[in-house]
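Visitor: Make a model of this:
(2 chains)
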Amino acid sequence: MSEQNEPETNSLSARDAAALEGAGELDPEERSESVDTGAVSAVENVTLEQEAPGSAVTDDDLVADVDSAESWLAYNKGLEQTGYSPADRITTENVTDLEREYVVDTDTSGMQTTPIVVPGGEGESAVMYFTQQNNKMKAVDARTGDLYWEYAADGEQSPTVFPWNNRGFAVYGDLVVTSAWGEGDSDRLIALDRYTGEFQWETDLIWPEEELPEELSDYPPQVAGLTQAPMAYDGKIFTGVVTNQVRWGWVQAFDAETGEVLWRETLVPPEEWIEDTWAYGNSVNWMNATIDPVSETVLFNTGDPAGWYNSSHRPGPNKHSVSVLAFDFDGEMKWSKQLLAHELWDYDAGSISQVADVTIAGEERRAVMANTKEGWAYVLDIEDGKLLQRSEPVGKQEHRYGSWPDSEFLNMVPIGKENAGDSFPGTTGGTEWLPDAYSPRTNYRYVSGQDMGMTVYGAEGDYIGDVTWEEGVGEAAHGGAVGVPDDKQSSQVVAIDINTGEIAWKFDFAELEEFVSFTPSPTATAGGLVFAPSRGGHLAALDDESGDLLWSDQIEGQSITSTPISWDDPETGKQYVGIAADSKVVVYSLEADVQQATETVTETETETATEAAADTETATETTSTDGPGLGVGAGAAGVGGYAAKKLRDSDDGEDDDE
Amino acid sequence: MVEGYGERTTVSDEDRREFLKVLGVSGSIAAGGLGLEELGSTASLGAAEELAPVGQAIRSDLSGAIDADLVAEQQAALTTSSEEMVATVERGLPSEAPREAFAAVADAGWPVYEHLRDVGFYASADEQLPAFDADTLGAAMETFVASDQLVSMVEEFGLGNYQGVDLLATVIGNAEQLQNYHWVATEEVPGGVSAPSDAFPTAPQAAAGGALLWLEDIDEYLYQNELILTEEIHADAAWHGETMAAGLHLMSEAARVIGEGAGALSDAELASLLTVSFAVQATAQGLITQDVYWVTEEMRAPRAAGDN
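Guide: As a prediction, the model looks like this:
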């Protein structure tokens, strides 16, 4: 993955550093004692203006989130991470009236967080939670931006941990969970009381040497960081981990109540690599998991195997690099699907998957949608990972190498700096880590894309010579980049018709601004809109069927590297759109009638889905679909159509067993 | 089976011409043309005489270490499973579940691979064999073709006549690529990365082990990617799988010769056999990505129109 090519997003700014000054140091021993104990060790770091309203977030609430207009409970919306809000007050007709409601200024910069929004109770405002780049976390009133609490975590950013970009919270029960700088070479997972911001528990992310299984023990992890928002469900918190650029990666699940590690699984199985190449196989999970409550699957996508450009040191397909991996909730792998074998251009599967019931080739399927940075979007069968669709290329695919095999795309990088050739995409990818959106309204997937090339070469290595790992584009590169081709470069939202795999339309941000690189992460809504931000500080609203630009706003002085969110508030009669920009969280709103454009789910399906959700093991009581709870009654249908059928089938099976 | 599977190797006429040039033959042959036996009379057995000390040193390194019976037993399984694997092409791409055709070849190969690793076979080959440049490969290939015993090893595996030519022509046609991208990692990994060289396989071990890893993977790959694959890609998978198996077979023949301790092959022939066996396996790994795994838009099966 190429995030090290984005220095503005990875380095601690002077502003961040200044903000850290004076932050209290937490004694390492004290912190270590707090692991798994639930002890409150850092309450002095909380600024509490007012307790945040609401009640415990249950598994049922999380299941219903995907179809709820009033909540945004997980990073990219819903356990399934669809990037789609059923909120529909803002439409193609009235979006031009969208205006800023409030702005929350922060004392940080380079934010990459995506806020979450948890509805309050009857008569209460929803709560917006977001993380900052400087080890601080906030809860604010989602209607006004007024602060409920701020938590300033202790610790310092480790120079050895991969660039720390805090991308947000998970919410579960009475907790919000995210990562914070840790002790030495490991970041930590921390849980806060979501009403007061008080510290609850923390656990280091690193896999301790003494807990490694024998087959992994010769190469203990050196560092562990997090570049994703955790995901919560089934009493667990799921995360991947980022090691350094060459060591092997793993995924893990924590007990949501205590932070205790429940399981860890390597992403680089030694038995599927030759000798100890696995130990340097990287293949880390950069972005957060996607959870399918229907098939009871947690999906992790993986990055590239280390050593770009000349991959001669790691023969074979390099399992499970550049893959989608499906686990059950107890850590047993169900299937793996490698999207690009023996990858060597930094084309990883660094973003997150979406899960949805889609129409594909005329058939309704429950599917996983994922990308790789080489610029294809994939649709996989949730049951076994079989490929159901591969889209047209999202952007330009061209390797002007004159090397092996001398095809137009996907060939070996030329050896030697003097032979460097142009590569589209470059290491920044045709897609990147920023998430995409799937709209059930259009059956389109809106992919965050770009055309950005790079001129690259592979390091020389003789049969009996040295293998050199060159500096410049990251220490994992076995070769390097020497420039950028002259070709036009651009950032785009690309709409892919899932039914056919064809590109329905593209929106190029050149319409709004001089090109500023990076992928614009889209969010779709039931009002027929796609909201997408840019590095130039624009937030654009596009027609979801045509890609026409309908509205935009530029947030002055701000670069945006995050995903828009949207939610409905029946009490204010408004739909909100929020985005974390460089140093601000900006929220827009529009007061309008609900369009009720979302598909009506039958009563039978609603009941079935609710029953099925109630069957899942939850630590807390289920919330009724029409009760106060999170106000997600509209979304209680949760899983309809094919998903509801699967749930019924599942229930039938369980009944049979009994 | 895809029409003309036997003729449908991935070898170009240009590769075949280059191969003939190495053997000192002018003109060209198309697929299905001359076989190895006919070409043998034009090649010189002494072309790789410079490699004789290499063969001698490897014999010396491994004297008494190799279990020839184990190798022979697995060779039989390797040949049988390879034939069965190729036959699956006739059944088309797997739709309902992965087959185990390619994996069966890998299963036959792993015990030999592990035994040879344990006795230092790859380490010795890595230490003694010269780099895979065009001159070395050309000399080894000429000796190989001139040797009735070595040619018969290819034929016994089931790649007689033109398929044997294509097996070897592939190596010559990709000699430069082998030199540049020979799937080898050795020695040191300096600068910024704490990756000790002994974590990586030597060139010969990477050739053999990498081939087995691909063979282990192909069945699932064909099933999971049926949508974008064509019967031509399936046939290419079978061909590259077959050449990997052939490379493993030739490597096993060399190991068996060393293990049996008799002078069945000259030192130069042994060195040629080892060079060709590793080069075949390494080349196939490069080509299987190109022809089977890295499926570009031009290669893929047509995108089915949806029912809009």
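Visitor: Name the helix or strand for B:A238, please.
Guide: helix B:231-260 (DSSP states H and E).
Visitor: Please apply the same query to B:H115.
Guide: helix B:101-118.
Visitor: packing partners for that helix?
Guide: helix B:68-87, helix B:203-224, helix B:231-260 (3 or more Cβ pairs under 8 Å, 6 or more residues apart in numbering or on different chains; DSSP states H and E). Using the backbone N, CA and C atoms, a C-beta is placed for each residue, glycine as well.
Visitor: For A:P270, see how far away B:V295 is.
Guide: Remark: distance between B:V295 and A:P270 (Cβ to Cβ, to the nearest Å) = 28 Å.
Visitor: before we move on, the earlier item: quick one, which of the helices and strands packed on helix B:101-118 is nearest to A:T131?
Guide: helix B:203-224 (36.6 Å; Cβ to Cβ).
Visitor: orientation of that closest one relative to helix B:231-260 in degrees?
Guide: 150 degrees (axes from the mean of the first three to the mean of the last three Cα atoms, to 10 degrees).
Visitor: Tell me the gap between helix B:203-224 and the middle of its chain.
Guide: 12 Å (Cα atoms, centre = their mean, to the nearest Å).
Visitor: What of stretch A:222-238?
Guide: That offset, for stretch A:222-238, works out to 11 Å (Cα atoms, centre = their mean).
Visitor: and that stretch, how far apart are its ends?
Guide: This stretch, stretch A:222-238, spans 21 Å end to end (Cα to Cα, to the nearest Å).
Visitor: I'd like the mean pLDDT over the helix holding B:H115, please.
Guide: Averaged across helix B:101-118, the pLDDT comes to 98.
Visitor: Residue 221: neighbour count?
Guide: By default, I'm working from chain A. 21 (other Cβ atoms under 10 Å in any protein chain shown).
Visitor: Sorry, I should have been clearer: chain B.
Guide: Neighbours of B:Y221 (other Cβ under 10 Å): 21.
Visitor: mind listing what it touches?
Guide: Residues counted as contacts of B:Y221 (Cβ atoms under 8 Å, 6 or more residues apart in numbering or on different chains) are A:317, A:338, A:341, B:237, B:292-293.
Visitor: Farthest-apart pair in the residues you listed, please.
Guide: Maximum distance among the contacts of B:Y221 (Cβ to Cβ): 15.0 Å, for A:Q338 and B:A237.
Visitor: Look at B:A199 and report its pLDDT.
Guide: 80.
Visitor: quick one: contacts for the closest residue to it other than its chain neighbours?
Guide: The shortest distance from B:A199 to any non-neighbouring residue, by Cβ to Cβ, 6 or more residues apart in numbering or on different chains, is to A:D276 (3.8 Å). A:D276 is in contact with A:218-219, A:270, B:198-200, counting by Cβ under 8 Å, 6+ apart.
Visitor: which residue sits closest to B:T143 in space, ignoring its chain neighbours?
Guide: Nearest non-adjacent residue to B:T143 (Cβ to Cβ, 6+ apart): B:A48, at 3.7 Å.
Visitor: Okay, the one you found and chain A: tell me how far apart.
Guide: Using Cβ to the nearest Cβ, to the nearest Å, we find B:A48 at a distance of 17 Å from chain A.
Visitor: quick one on the thing from earlier: show me which residues of the helix holding B:A238 are buried.
Guide: Residues B:231, B:233-259 are the ones in helix B:231-260 that count as buried (16 or more other Cβ atoms under 10 Å in any protein chain shown).
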